[in-house]
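K.L.:
A predicted structure for the sequence below; I have some questions about it.
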Amino acid sequence: MASKDTTFLGWPVLRQLASGDFLGRGTSVTSRRTRHVEARTTTADRVVQSVCPYCAVGCGQRVFVKDEKVVQIEGDPDSPVSRGRLCPKGAASEQLVNSPSRQTHVLYRAPRAKEFQRIELDQAIDMVADRFLEARQHGWQEFDDKGRRLRRTMGIASLGGATLDNEENYLIKKLFTAAGAIQIENQARI
């Protein structure tokens with residue numbers, strides 16, 4: 001025998017009239033499948049507070065985790081910055097975490113090589129540090145042509161991103177200034 005939802009009597013318009021839900025905003029317009037759907041947030045093992053990675057606003061996020069996998073990210077209503085709201089990019093940040101094309105290993109392409117190769121993170125950090133020090137040394141200017149002390153390097157520049165918060169930008173500015181760089185910029189100002 002056919003169920004009430006699949007017969008003529010189960011049509012949404014008839015359910016609206018029979019239940020008194022004339023505007024069709026209540027349970028009369030939901031299907032059986034919809035009534036049995038459970039939100040991912042209710043089945044999560046735990047909720048972790050975080051901050052959206054996209055811009056310097058610092059919107060609070062609630063990250064729902066099930067079986068050690070992020071299943072949903074929503075705005076954190078306890079955040080004084082965003083009060084539970086997220087922009088479209090922040091609301092879609094779960095896709096950033098769970099994307100099948102997300103890189104989880106360091107890839108390096110040697111000069112004139114055609115292919116990338118996987119290297120260890122420690123090796124990559126050492127390579128960056130060596131190149132940083134070499135660029136600083138080769139671009140160092142102790143004095144200008146009039147003999148005035150400069151103590152700067154033209155071999156290093158910094159372009160920060162808007163995904164960094166104020167504290168991170170402050171520390172990056174201090175690091176590059178201490179290294180003698182004068183070309184320090186942030187994408188948010190460009």
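P.N.:
Thanks, I have the structure now. Residues are numbered from 1 along each chain as shown.
K.L.:
List the buried residues for the longest helix seen in the chain?
P.N.:
Assignment by DSSP state H gives helix 121-138 as the longest helix of the chain. For helix 121-138, the neighbour count (16 or more other CB atoms under 10 Å) marks 135-136 as buried. Quick note: C-beta positions are derived from backbone N, CA and C, even for glycine.
K.L.:
Now do the following helix or strand past it, average pLDDT.
P.N.:
Counting by DSSP states H and E, the element after helix 121-138 in chain order, helix or strand, is strand 140-143. The average pLDDT within strand 140-143 is 94.
K.L.:
And strand 140-143, what does it pack against?
P.N.:
strand 149-160 (3 or more CB pairs under 8 Å, 6 or more residues apart in numbering; DSSP states H and E).
K.L.:
residues of the strand it packs on that come out buried?
P.N.:
Applying 16+ other CB under 10 Å to strand 149-160 flags 152-156, 158, 160 as buried.
K.L.:
And it, what does it pack against?
P.N.:
helix 121-138, strand 140-143, helix 166-178, strand 181-186.
K.L.:
Nearest to Val13, out of the buried residues of strand 149-160: which one, please.
P.N.:
Checking the buried residues of strand 149-160 against Val13 by CB to CB gives Gly160 as the nearest, at 57.3 Å.
K.L.:
And for that closest one, nearest residue in space, chain neighbours not counted?
P.N.:
Asn186 (4.1 Å; CB to CB, 6 or more residues apart in numbering).
K.L.:
Next, give phi and psi for Asn98.
P.N.:
phi -100, psi 10 (degrees, to the nearest 10).
K.L.:
Surely it touches Val70?
P.N.:
Yes - applying CB atoms under 8 Å, one finds Asn98 in contact with Val70, separated by 6.2 Å.
K.L.:
which of the two has more neighbours?
P.N.:
Taking neighbours as other CB atoms under 10 Å, Asn98 and Val70 compare with Val70 leading, 19 against 12.
K.L.:
Just say helix, strand or coil for the more buried one.
P.N.:
strand (DSSP: H, G, I helix; E, B strand; the rest coil).
K.L.:
tell me the contacts of it?
P.N.:
For Val70, the contacting residues are 63-64, 94, 97-98, by CB atoms under 8 Å, 6 or more residues apart in numbering.
K.L.:
you'd agree Asp76 is up against Gly58?
P.N.:
No - counting by CB under 8 Å, Asp76 does not reach Gly58; the two are 10.9 Å apart.
K.L.:
higher neighbour count, those two?
P.N.:
Asp76 (23 against 13).
K.L.:
Compute the distance between that one and Leu164, please.
P.N.:
20 Å (CB to CB, to the nearest Å).
K.L.:
Which residue lies nearest the spatial centre of this protein?
P.N.:
Centroid-nearest residue in the chain, with CA atoms, centre = their mean: Pro53, separated by 3.5 Å.
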